[in-house]
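*Asks:* Here you go, sequence then predicted model.
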Amino acid sequence: MSPATRPASSRASSPASSQATTPATGKEPVAVVGIGQTKHVAARRDVSIAGLVREAARRALEDAELTWADIDAVVIGKAPDFFEGVMMPELYLADALGAVGKPMLRVHTAGSVGGSTALVATNLIAGRVHGTVLTLAYEKQSESNAMWGLSLPIPFQQPLLAGAGGFFAPHVRAYMRRTGAPDTVGSLVAYKDRRNALKNPYAHLHEHDITLEKVQASPMLWDPIRYSETCPSSDGACAMVLTDRAGAARSPRPAAWMHGGAMRSEPTLFAGKDFVSPQAGKDCAADVYRQAGIADPRRDIDAVEMYVPFSWYEPMWLENLGFADEGEGWKLTESGVTELDGDLPVNMSGGVLSTNPIGASGMIRFAEAALQVRGQAGEHQVDGARRVLGHAYGGGSQFFSMWLVGAEPPTS
Amino acid sequence: MPEVLKAPLVVEFPFTRSLGPVQSAFLTGLRERVVLGVRTVDGRTLVPPVEYDPVTSEELSELVEVAGTGTVTTWAWNHESRRGQPLDRPFAWVLVRLDGADTGLLHALDAPGGPDSVHTGMRVRVRWAGERSGAITDIACFEPHDDGIAELTGSDGRFENPVTGIVAPARLDYTYSPGRAQSAYIHALAERRVVGERCPSCRKVYVPPRGACPTCGVATSERVEVGPRGTVTTYCIVNIKAKNLDIEVPYVYAHIALDGADLALHGRIGGIPYDQVRMGLRVEPVWSDGGGHPDHYRPTGEPDADYETYKELL
């Protein structure tokens, strides 16, 4: 929507006036002013996919106290097409998301897609293409079978012998060998995340009777990964309203400000690929920290929502993201640093281990990071969270997207 | 140059769809021989109905019955019926504006008179399927009709035992070719040899080869025979039975660096109890009689490889 057709009441200061106060060479600051999620569950049989995304989008608009007419463009992300058989969500879902007559585009980066989608939306504002953008990601896993989607019968190729967990489990073993981590660390992560989920009303798994012993007694699916250390299969959607400085000034609730955002990718397999700590992940984090002026992530970042579909990925990513030296990540987990009341809380929402609509999981990380710095995370709020990292990865540990959000607007 | 392989690849899955209230009413109506539309904010009646207003984005819920007769607004002739199409003989695809509706419904028109018998503006009516389940195919097709407007049933859009979900099978037929490099690799496997390709730039040996180095972005062509022996670099023990795989659990799924290769490939380890497999185990392929990929890998009996020799190949 152009400024001329926008209802005057919804935009006290036009894009032109906000540009007047910003150097033409700099990027427009980007703020999160609305966040909406569905209650994530195993199967939402009561709604269509359109109804599911609509629910999250409406909640984000209500949080921002905006209407469909206030949205300039829609950026949507979802899981790979075979995962649920929807090839063109931008076509199918335009009316459900109020996108008729507006730009609508789709982002596609496997499991990291929710993060990448948010960053594409962010860049539309940072580049002053649009003032206010609705971004949304979803998946209805109950309507398909991700395991099938991952194991198409490609001629001449050996079938993947083990599914997603089997793909990642050997990398977990490699991490344990490389670092000498005791084999109990994974269960500590699962026990923590499932307890955190009890404080998050939107989380899928609410295991009120969870104990560490139960996690450790759960069967090995893909040894060294236990049943209780794997993510569930969920139906859910997550939406955010992103806006420029002028939009943030009108926001009825505190904004989360984007201080740094980056994406990196690398091939699935190549000689020298480090599956335990992929170079693309390190590079992506370094880019985000440079943008945000983070010298020491362990000291300068208050909390992290990271993409941990199998428990051991917490210590692995702690190293990959620079929160711990190589080989030391598991010590942060083991000593309780990543607990909700720890020094560096990780996955306060319960994480992917408690909620996994794959196409939305990355955006949920980004949104939960924003909720924290807005002070709106409810029972799983970290006191005084000012700078929080949201992280997503996907494919064969090959797509990375991250953002760092803060309670204050960026200074530069 | 050896022949480049090709084979059919069929990707097929019965996706399910939850309908939500509007689509549920529409499809349940078809089951009951009732066609429902939805009233928009500006007073139009859309058939088939949609959940959200195309102009205002508001949620729509006012269902209205329209007649089973209507007018063709445009059409295209389908010369030859293909698998999955509504009729097994040539027919017309039509957009039909049903009496009482403001938009066209896409469906098939049975026109035994051929394309010359079809025209925009012609009157048609629904031909109901004999057995109806709550699907768009409950309308078998449309047929020519000259007897005015059909009467409404008086339905209010509410039905007993509504349909809440459907199965929407999808099928894609591809012709798959793995390309020159992998074809050569597969031809060599038939002779029980493992042949990779070396990157001319970084000198790394890729197995299976893909015709290009993913790091350097240059074509690879220098063939290098590797293995057949190799080292288990890491692994997991699979305890859940995968669909379509005739392998007893538990079994070991391993990354195996063949001697001379610069990255590991994946395979199953046999010939040793699953709980005795370890990183560094030396293995060799066990070929199946039918040719192609090794069935699995088994221990060679050599001493384990030192971690330092394979730690970059996990």
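*Replies:* Alright, I've got the coordinates.

*Asks:* In contact with the residue of the stretch 51-200 of chain B at minimum distance from chain A, which residues?
*Replies:* The minimum distance from the stretch 51-200 of chain B to chain A, using C-beta to the nearest C-beta, falls at B:Ser57 (3.7 Å). For the C-beta atoms, the positions are set from N, CA and C on the backbone; glycine is no exception. Residues near B:Ser57 by C-beta atoms under 8 Å, 6 or more residues apart in numbering or on different chains: A:68, A:95-98, A:100.

*Asks:* Measure how buried residue 224 is and give me the count.
*Replies:* With no chain named, the answer covers chain A. A count of neighbours around A:Pro224, defined by other C-beta atoms under 10 Å in any protein chain shown, yields 21.

*Asks:* wrong chain, I was asking about chain B
*Replies:* A count of nearby residues for B:Val224, using other C-beta under 10 Å, gives 17.

*Asks:* Beta-bridge partners for it, please?
*Replies:* Per DSSP bridges, residues listed as beta-bridge partners of B:Val224: B:Gly196.

*Asks:* Which stretches in the stretch 251-400 of chain A count as strands?
*Replies:* Using DSSP state E, counting those that start in this stretch, the strands assigned to the stretch 251-400 of chain A run over residues A:256-265, A:303-305, A:387-394, A:399-406.

*Asks:* Which one of the contacts of B:Ser57 is nearest to A:Ile49?
*Replies:* Using C-beta to C-beta, A:Ala96 comes nearest to A:Ile49 of those, at 8.4 Å.

*Asks:* Tell me, how many residues neighbour the closest one?
*Replies:* 25.

*Asks:* wait, doesn't it sit right on A:Arg54?
*Replies:* Yes. A:Ala96 is within contact range of A:Arg54, at 4.6 Å (criterion: C-beta atoms under 8 Å).

*Asks:* Now do the shared contacts for the two.
*Replies:* With C-beta under 8 Å, 6+ apart, A:Ala96 and A:Arg54 have common neighbours B:51-52.

*Asks:* Point out where chain B drops to low pLDDT.
*Replies:* When residues are selected by pLDDT under 70, those of chain B lie in B:1-2, B:243-244.

*Asks:* 80 - rerun?
*Replies:* Within chain B, the ranges that satisfy pLDDT under 80 run B:1-2, B:242-246, B:290-291.

*Asks:* Mark out where each domain of it begins and ends.
*Replies:* B:7-171, B:228-314 (automatic domain parsing).

*Asks:* ok so, going back, show me the subset of the contacts of B:Ser57 that also lies near chain B.
*Replies:* Filtering those for neighbours of chain B using C-beta under 8 Å from any C-beta of the partner chain leaves A:68, A:95-98, A:100.

*Asks:* which of those lies closest to B:Met122?
*Replies:* For these, the nearest to B:Met122 is A:Asp95 (30.4 Å; C-beta to C-beta).

*Asks:* per-residue confidence for that closest one?
*Replies:* A:Asp95 carries a pLDDT value of 93.

*Asks:* hang on, it in a helix?
*Replies:* No. The assignment for A:Asp95, made by DSSP: H, G, I helix; E, B strand; the rest coil, is coil rather than a helix.

*Asks:* which ones are touching it?
*Replies:* If you count contacts by C-beta under 8 Å, 6+ apart, then A:Asp95 has A:50, B:50-54, B:57 around it.

*Asks:* For those, give me TSV that also has distance to A:Asn320 and secondary structure.
*Replies:* TSV is the format used below for those (distance: C-beta to C-beta, whole Å; DSSP: H, G, I helix; E, B strand; the rest coil):
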residue	distance to A:Asn320	secondary structure
A:Ala50	37	helix
B:Val50	45	coil
B:Glu51	42	coil
B:Tyr52	41	strand
B:Asp53	46	coil
B:Pro54	45	coil
B:Ser57	41	coil
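
*Asks:* neighbour-wise, which of these leads?
*Replies:* Neighbour-wise, the contacts of A:Asp95 (other C-beta under 10 Å) top out at B:Tyr52, 24 neighbours.

*Asks:* So for that residue, what's the nearest residue that isn't a sequence neighbour?
*Replies:* Nearest residue to B:Tyr52, sequence neighbours excluded (C-beta to C-beta, 6 or more residues apart in numbering or on different chains): A:Asp95, at 4.4 Å.

*Asks:* do A:Phe400 as well
*Replies:* A:Cys284 is the one closest to A:Phe400 (C-beta to C-beta, 6+ apart), at 4.1 Å.

*Asks:* next one: A:Asp283
*Replies:* Spatial nearest neighbour of A:Asp283, chain neighbours left out: A:Arg264 (5.0 Å); criterion: C-beta to C-beta, 6+ apart.

*Asks:* before we move on, the earlier item: distance to A:Ala146, mean pLDDT and mean neighbour count for the strands of the stretch 251-400 of chain A - can I get that in CSV?
*Replies:* Below are the strands of the stretch 251-400 of chain A laid out as CSV (distance: least, C-beta to C-beta, whole Å; pLDDT from 0 to 100; neighbours: other C-beta atoms under 10 Å in any protein chain shown):
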stretch, distance to A:Ala146, mean pLDDT, mean neighbour count
strand A:256-265, 21, 98, 23
strand A:303-305, 22, 98, 27
strand A:387-394, 12, 97, 28
strand A:399-406, 16, 98, 29
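
*Asks:* can you give me the helices in the stretch 51-200 of chain B?
*Replies:* B:179-190 (DSSP state H, counting those that start in this stretch).

*Asks:* With the stretch 51-200 of chain A instead?
*Replies:* A:89-92, A:113-126, A:146-149, A:163-179, A:185-197.

*Asks:* is the last one anywhere near chain B?
*Replies:* No. Judged by C-beta under 8 Å from any C-beta, helix A:185-197 stays clear of chain B, getting no closer than 12.9 Å.
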